[in-house]
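S.K.: sequence first, predicted model second:
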Amino acid sequence: MPELPEVEVVRLGLENHVAGRVIEAVEVLHPRAIRRHIPGPLDFAARLAGRTMIAARRRGKYLWVELAGADGGGEALLAHLGMSGQLLVQPSTAVDEKHLRVRVRFADGGPELRFVDQRTFGGLALSDLAEVDGTLLPLSIAHIARDPMDPRFDAEAVVRALRLRHTGIKRALLDQNLISGVGNIYADEALWRSRLHWARPTDRLSRAQGLAVVAAATEVMREALLAGGTSFDALYVNVNGQSGYFDRSLAAYGQEGEPCQRCGTAIRRDPFMNRSAYSCPRCQPRPRDARP
DNA sequence: GTTCGCACCTGAGCGC
DNA sequence: TGCGCTCAGGTGCGAA
């Protein structure tokens, strides 16, 4: 599934293939895909027609394309890929994907941009841009914290905030208001690398432990970004989180029953927030004061 | 204000 | 073969 590194690959693809192009028409094939655009599909399509896509940006798992034209800009096409979303650059002659939700045609008659999403957890919306803490952001994601790839990401500040929380470390890592871009997979990997159990209370974490887990999250996402950078070619913006990297490099996530790469103990899977948490019972012992 | 649980959604995988 | 159940998971909302 698309995680921060895959979203960054998509951002690069958009930057290369749609920046500078003028939108001719937009077709919404499934209204749920633009459910966060409150005025609805007709307004969405009408406001995009004639606009120029300028530059692609990203924060955490959100990405957006700044728009020019019509009313002079100050607005962005915001996208979240959810669990199964893809933004594909396809020739207009290509057969429609089974789960094609939104189609963007360009005035130059070149390849079109398609939003494809099987589970419809993702979506597109138009959002005004505003300066938030020194960065131009779509207003609707002003609450999303900086991600570890952000040059202005402040690990010390994140750890200070983390230690003020009264919850489990994994739950905190998944809170996009605290640190963005970390999903279930990278949370498990970061905790395995820093030898912390997922239910470790954040308020019992030392500063060093906090910095270690944030550094591990940064490191694992950087490695994934390097591995994911190959899934893109000239006409196809491939957003496939299951490609390459995950099968080869994951130490904890999805490895139930497999030997831990450090100590050989079988990785275990625990129910966590209606999903799963994977950990090594020896390297990451469950604390007595665990918080689920 | 903070924390937690749940709905949303679709298809794959599994057991019967 | 076909049916029904479970699981996957990011986000936002409502409840506590």
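M.R.: Cool, the structure landed.

S.K.: near DNA strand C, anything from the lengthiest strand in chain A?
M.R.: If you go by DSSP state E, chain A has its longest strand at strand A:123-132. No. Using CB under 7 Å from any atom of the strand, we find that strand A:123-132 stays clear of DNA strand C, coming within 9.1 Å at best. C-beta here means a position set from N, CA and C on the backbone, and glycine is covered the same way.

S.K.: show me what that strand is packed up against.
M.R.: With contacts taken as 3 or more CB pairs under 8 Å, 6 or more residues apart in numbering; DSSP states H and E, strand A:123-132 sits against helix A:41-48, strand A:75-80, strand A:135-138.

S.K.: flag every residue of chain A that's near DNA strand B.
M.R.: Checking chain A against DNA strand B by CB under 7 Å from any atom of the strand, the hits are A:32, A:98-99, A:118-121, A:165-168, A:171, A:273-274, A:291-292.

S.K.: same thing but 10 Å
M.R.: Contact residues, chain A versus DNA strand B (CB under 10 Å from any atom of the strand): A:30-32, A:35, A:82-84, A:98-99, A:117-121, A:161-162, A:164-168, A:171-172, A:174-175, A:177-178, A:199, A:201-203, A:272-275, A:291-292.

S.K.: just checking: which of those also lie near DNA strand C?
M.R.: Within the residues of chain A next to DNA strand B, those near DNA strand C by CB under 10 Å from any atom of the strand are A:35, A:82-84, A:118-121, A:171, A:174-175, A:177, A:272-275.

S.K.: just the residues you listed: which are in strands?
M.R.: Short answer: these in strands (DSSP E) are A:F272, A:R275.

S.K.: rewinding a little: quick one, which of the residues of chain A next to DNA strand B are buried?
M.R.: A:30, A:82, A:84, A:99, A:117, A:120, A:161-162, A:165, A:168, A:171-172, A:174-175, A:178, A:199, A:201-202, A:272, A:291 (16 or more other CB atoms under 10 Å).

S.K.: surely A:D43 is in contact with A:P31?
M.R.: No. Using CB atoms under 8 Å, A:D43 makes no contact with A:P31, being 11.8 Å away.

S.K.: and stretch A:107-126, what's buried?
M.R.: A:111-117, A:120, A:122-126.

S.K.: let's test this: mean pLDDT of it, rounded?
M.R.: Computed over stretch A:107-126, the mean pLDDT rounds to 92.

S.K.: where's it relative to the chain centroid, distance-wise?
M.R.: 16 Å (CA atoms, centre = their mean, to the nearest Å).

S.K.: export only the CA atoms of it, formatted as CSV.
M.R.: Only the C-alpha atoms of stretch A:107-126 are listed here, as CSV (Å, rounded to 0.1, in the frame of the first residue of the first chain):
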residue,chain,number,x,y,z
ALA,A,107,-5.4,20.6,-23.2
ASP,A,108,-2.2,19.4,-24.9
GLY,A,109,-3.9,16.1,-25.7
GLY,A,110,-1.0,14.2,-24.0
PRO,A,111,-1.3,11.4,-21.4
GLU,A,112,-4.1,11.9,-18.9
LEU,A,113,-3.9,11.7,-15.1
ARG,A,114,-6.0,9.0,-13.5
PHE,A,115,-6.9,8.4,-9.9
VAL,A,116,-7.5,4.7,-9.4
ASP,A,117,-8.6,3.4,-6.0
GLN,A,118,-9.9,-0.1,-5.2
ARG,A,119,-11.0,0.5,-1.6
THR,A,120,-11.9,4.2,-1.9
PHE,A,121,-10.1,5.2,1.3
GLY,A,122,-8.2,7.7,-0.7
GLY,A,123,-9.5,10.8,-2.4
LEU,A,124,-9.0,14.1,-4.1
ALA,A,125,-10.1,17.6,-3.1
LEU,A,126,-9.5,21.3,-3.9
